[in-house]
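Visitor: Sequence first, then the predicted structure:
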Amino acid sequence: MSNDITKNHITDCFNVLSRKYSLNKITVNMIIEAAGVSKSTFYRHFLDKYDVMNYNYKRALDEIFRNNDCKSWNELFLSILSFIEIDPERIKNAFCYLGDNSYDQYVFEYSFNRMNQTCIEKLGHPLFESEIYTAKLIIYGCVYAVKDWIFANKRISKEELALQIDNAIPEKYKMLL
């Protein structure tokens, strides 16, 4: 298998396990067995099970940006929430783990870095020191609003949540999509 195919295969097998088990119960050996790969193959692609979990988010978000020409935060969050609705138990299980390498920590860091990279691409410079905390507040707010939506059994529609997130983002930061 090529590198990308193998990495995605391992990730897909991890996803099957994460629908049945909490992250605390999943082991690298379980992932290796489910994927039918050797330990060395697993470690060639991932550091540990948390790295697989986090790669999932990166892969999903990159796919959303690649396939959906999101022109607004509303469109972006509709795409993200639609992705979550496909496999809510797996996402819920991922958010249940707290501590080092947690899903919400990775989601925050990856999303913040993506926003900062977009700033460089569109404006020619990273976020200024005076903008960093506002950007972090936006990202934290988005991550925790989505997390709350998942754990509150989606008491509002994905369309309403996406609209509320879009309305909460200052105009200055909307261009950093």
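Guide: In hand now; what should we look at?
Visitor: Quick check: closest non-adjacent residue to the residue located most distally from the centre of the chain.
Guide: Most distant from the centre of the chain: residue 38, at 26.8 Å, with distances by C-alpha atoms, centre = their mean. Leaving aside its sequence neighbours, residue 38 sits nearest to residue 32 (C-beta to C-beta, 6 or more residues apart in numbering; 7.1 Å). (C-beta placed from N, C-alpha, C; glycine too.)
Visitor: quick one: average pLDDT of the helix or strand hosting the one you found?
Guide: Using DSSP states H and E, residue 32 falls within helix 28-35. Taken as a whole, helix 28-35 carries a mean pLDDT of 98.
Visitor: What does the pLDDT read for residue 147?
Guide: Residue 147 is assigned a predicted lDDT (pLDDT) of 94.
Visitor: That one contacts residue 104, correct?
Guide: Yes. With contact defined as C-beta atoms under 8 Å, residue 147 reaches residue 104; the gap is 6.3 Å.
Visitor: Are there residues contacting both of these two? Which ones?
Guide: When contacts are counted by C-beta atoms under 8 Å, 6 or more residues apart in numbering, the set common to residue 147 and residue 104 consists of residue 95.
Visitor: Which residue lies nearest the spatial centre of the protein?
Guide: Nearest residue to the geometric centre of the chain (C-alpha atoms, centre = their mean): residue 57, 3.2 Å.
Visitor: Tell me the spacing between that one and residue 117.
Guide: Computed with C-beta to C-beta, to the nearest Å, the distance linking residue 57 and residue 117 is 16 Å.
Visitor: Then residue 30?
Guide: 34 Å.
Visitor: With neighbour numbers in mind, choose between the two.
Guide: Neighbours per residue (other C-beta atoms under 10 Å) separate residue 30 from residue 117, with residue 30 holding more: 16 against 12.
Visitor: Tell me which residues are up against the helix or strand harbouring residue 160.
Guide: Element membership for residue 160, per DSSP H and E: helix 158-168. Here helix 158-168 makes contact (C-beta under 8 Å, 6+ apart) with 72-78, 81-82, 85, 138, 141-142, 145-146, 149, 156, 174.
Visitor: And for stretch 53-60?
Guide: Residues outside stretch 53-60 that contact it (C-beta under 8 Å, 6+ apart): 7-8, 11, 14-15, 18, 23, 46, 80, 83, 94, 97, 101, 103, 106-107, 110.
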